[in-house]
Each structure stands twice: as structure tokens, then as C-alpha cells.
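> here is my input; please provide its structure:
(chains A and B)
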Amino acid sequence: DQQVKQNSPSLSVQEGRISILNCDYTNSMFDYFLWYKKYPAEGPTFLISISSIKDKNEDGRFTVFLNKSAKHLSLHIVPSQPGDSAVYFCAASAQRSDYKLSFGAGTTVTVRA
Amino acid sequence: ETGVTQSPTHLIKTRGQQVTLRCSSQSGHNTVSWYQQALGQGPQFIFQYYREEENGRGNFPPRFSGLQFPNYSSELNVNALELDDSALYLCASSPAGGSAGGYTFGSGTRLTVV
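Next comes the predicted model:
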């Protein structure tokens, strides 16, 4: 039962342009959402998060938007840089301090020079 | 500050065998979670250990078991290995109760069952 879905397995973007990654969820109990970035042969690293009481959170080049009514969130990276080429996972939990993260299948981002 | 270390990095096992994977948590972290990432999928929660006791479990059969030691390191044991157990196994440590972005993941153990 896939409660978090990332429907785009891959994304290719020109350096300097915006990357937009999308994520949908089905569990109404989710109230905390995170994005992780993963390079080959490394573990996922935390990128940015958002609580359900907010609809936007920004950290430098990364912004996450949350649309609770649509059960949809997106990650915007602007401007995209070659070092951003990685797999990005969307994750959700039912409580901020909950131990269990539900992950999407990931989106592979390739930034072209 | 040391991160999360996992061993071994790769191993190959035969169907029906047993395997033990190890994880050392990040300094200051007392909670360890294990995830299974099959090819082309996102990580799936197996279980978590806190204060040497299992503190939540995902949808995995009992042949997946674990331990946490007084130094907060942890083991994941899988009995009667099946071909579908082939995956990347990720360990993540966190402060008690977890926190926003508080999970630190190791690089994983790639298990291949033949």
C-alpha cells in the first residue's frame, strides 16, 4: 500500500533553471513531510521539511510547497546546479516525532550543463 | 562527530540462509531505525529500537528481527532468506523521539540473495 507517491521517476533540467519535483500522499493522518536527497553509494540526507500547519517552507535554493486539500507537495530547486543531480525522496510521517517515515519511490534529477 | 556506519557494505547469501547486518549510530543518538529499499522503490520501514527495545514495526514478517545494544548500536537479523529480500538495507539513527530532519542515514548494506 503505497501511501506516498512520486509519479515522475526522472527529471532532466538545464543548469540555472528551476527543478520541480512532485509528491502525492493518501494518508490524511500525515502531518509532517520531508525531502531527502541521495547520491549513489550514500545514504539519504535530509534536505528540507514542512509541517502541515504551513503551506510553504524555504531554505536557500530549496522551497517546499504543501497543498493539504489536494494531498500534494512539491519541491522547487532554483537555480538548479550540477551538484543537485541525485535521487530525491519525498517522505511523510503521522506525527512530527513519529518514528516511521513513509517514502515515495524517488525521482532521479539530472542537471545538464 | 561520527555519522552512522553500517557493515558490511555488500554481501551475497543463499536462499534459506541467515544474515546479520550491523549499524553504529551517530554520536548522541539513542534511537535506531532500519529500512529496506528494494530496487526502484523508496525505503520501507522495518522497525525501530529505543533503549534496547523494539519501538514500532512495519509490515515485515517475524523472520526480520533486531537488537540494540547499550552503546546504541544495532543489528538486523533476517532468517530463512528469500530472493525478495535482496535489497539495500538502511540504518538511521536519531535523538530520542526523532525530530525534524533528525534522522541520519548510513550508506547501507547491499544484500543479494541467490
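
> show me the contacts for residue B:26.
B:1, B:2, B:3, B:4, B:93, B:104 (Cβ atoms under 8 Å, 6 or more residues apart in numbering or on different chains). C-beta here means a position set from N, CA and C on the backbone, and glycine is covered the same way.

> which one of these sits closest to chain A?
Nearest to chain A out of these is residue B:4 (Cβ to the nearest Cβ; 7.0 Å).

> which SS class is the closest residue to residue A:42 other than its chain neighbours?
Once flanking residues are discounted, residue A:42 sits nearest to residue B:107: 5.3 Å by Cβ to Cβ, 6 or more residues apart in numbering or on different chains. Here residue B:107 is coil, with the state taken from DSSP: H, G, I helix; E, B strand; the rest coil.

> just the pLDDT for residue 1.
Picking chain A for this. Listed pLDDT for residue A:1 reads 67.

> chain B, not that one
Residue B:1 is given a pLDDT of 57.

> and for residue A:8?
At residue A:8, the pLDDT recorded in the model is 95.

> same check on residue B:99?
The model's pLDDT for residue B:99 equals 57.

> and if you look at residue A:41?
Looking at residue A:41, the pLDDT reads 85.

> is it true that it touches residue B:107?
Yes: the pair residue A:41 and residue B:107 qualifies as a contact (Cβ atoms under 8 Å) at a distance of 6.3 Å.

> between the two, who's got more neighbours?
residue B:107 (20 against 9; other Cβ atoms under 10 Å in any protein chain shown).

> next up, the contacts around that one.
Contacts of residue B:107 (Cβ under 8 Å, 6+ apart): A:41, A:42, A:43, B:6, B:9.

> swap in residue B:73?
Residue B:73 touches B:22, B:23, B:24, B:25, B:32, counting by Cβ under 8 Å, 6+ apart.

> direction included, what does the helix or strand encompassing the second one pair against?
Residue B:23 belongs to strand B:19-24 when elements are defined using DSSP states H and E. Next to strand B:19-24 in the sheet, as set by DSSP bridges, lie strand B:5-7 (antiparallel), strand B:74-78 (antiparallel).
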